[in-house]
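# next comes the sequence, and after it the predicted model I'd like to discuss.
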Amino acid sequence: MLAEYWPILLFIGVAAGLGVVLLAIGLLAGPRRPESEKLSPYECGFEAFEDARMRFDVRYYLLAILFIIFDLEIAFLFPWAVVFQKIGIIALIEMATFLLLLVIGFAYVWKKGALEWE
């Protein structure tokens, strides 16, 4: 029974070995030139190595969540567009309703000022 799993184990072993080899090559052959720009915080809005109880701005996370929500909703358009000719006018009306709700949600978020950054 273990012989049936041999191809899977071989694939996992080769993938793990290739990953380790590529990481080792990158560490050995890659340039090491730390600069102040590379060591600075990246898009987080606050210094990463300070007191954990410090206050920080939540708007960054709100904007990220809103992006994910609207991005996922737009992703529903691709499968619909692929089968559009097969599903007919009812699906067109349903998608128009979906897009109307999406625009209403976007207008609400915009009116509340969640997309503005000071």
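In hand now; what should we look at?

# helix or strand for the residue lying closest to Leu77 once chain neighbours are set aside, which one?
In space, and not counting its chain neighbours, Leu77 is closest to Met95: 7.5 Å by Cβ to Cβ, 6 or more residues apart in numbering. C-beta: built from backbone N, CA, C; applies to glycine. Element membership for Met95 (DSSP states H and E) is helix 84-112.

# the helix or strand hosting Leu23: how far from the chain's middle?
Assigned by DSSP H and E, Leu23 belongs to helix 6-29. Chain-centre distance of helix 6-29: 26 Å, with Cα atoms, centre = their mean, to the nearest Å.

# CA atoms only for it, dumped as PDB, please.
C-alpha atoms of helix 6-29 as PDB (Å, rounded to 0.1, in the frame of the first residue of the first chain):
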ATOM      1  CA  TRP A   6       5.700   6.700  -3.700                       C
ATOM      2  CA  PRO A   7       5.100   9.200  -6.600                       C
ATOM      3  CA  ILE A   8       3.500  11.700  -4.200                       C
ATOM      4  CA  LEU A   9       6.400  11.400  -1.700                       C
ATOM      5  CA  LEU A  10       8.900  11.700  -4.500                       C
ATOM      6  CA  PHE A  11       7.200  14.800  -5.800                       C
ATOM      7  CA  ILE A  12       7.100  16.400  -2.300                       C
ATOM      8  CA  GLY A  13      10.800  15.500  -1.800                       C
ATOM      9  CA  VAL A  14      11.900  17.000  -5.200                       C
ATOM     10  CA  ALA A  15       9.800  20.100  -4.500                       C
ATOM     11  CA  ALA A  16      11.300  20.600  -1.000                       C
ATOM     12  CA  GLY A  17      14.800  19.900  -2.200                       C
ATOM     13  CA  LEU A  18      14.400  22.400  -5.100                       C
ATOM     14  CA  GLY A  19      13.100  25.000  -2.800                       C
ATOM     15  CA  VAL A  20      16.000  24.600  -0.400                       C
ATOM     16  CA  VAL A  21      18.600  24.600  -3.200                       C
ATOM     17  CA  LEU A  22      17.100  27.800  -4.700                       C
ATOM     18  CA  LEU A  23      17.000  29.600  -1.300                       C
ATOM     19  CA  ALA A  24      20.600  28.600  -0.700                       C
ATOM     20  CA  ILE A  25      21.700  29.900  -4.100                       C
ATOM     21  CA  GLY A  26      19.900  33.200  -3.400                       C
ATOM     22  CA  LEU A  27      21.600  33.500   0.000                       C
ATOM     23  CA  LEU A  28      25.100  32.700  -1.400                       C
ATOM     24  CA  ALA A  29      25.000  34.600  -4.700                       C
END
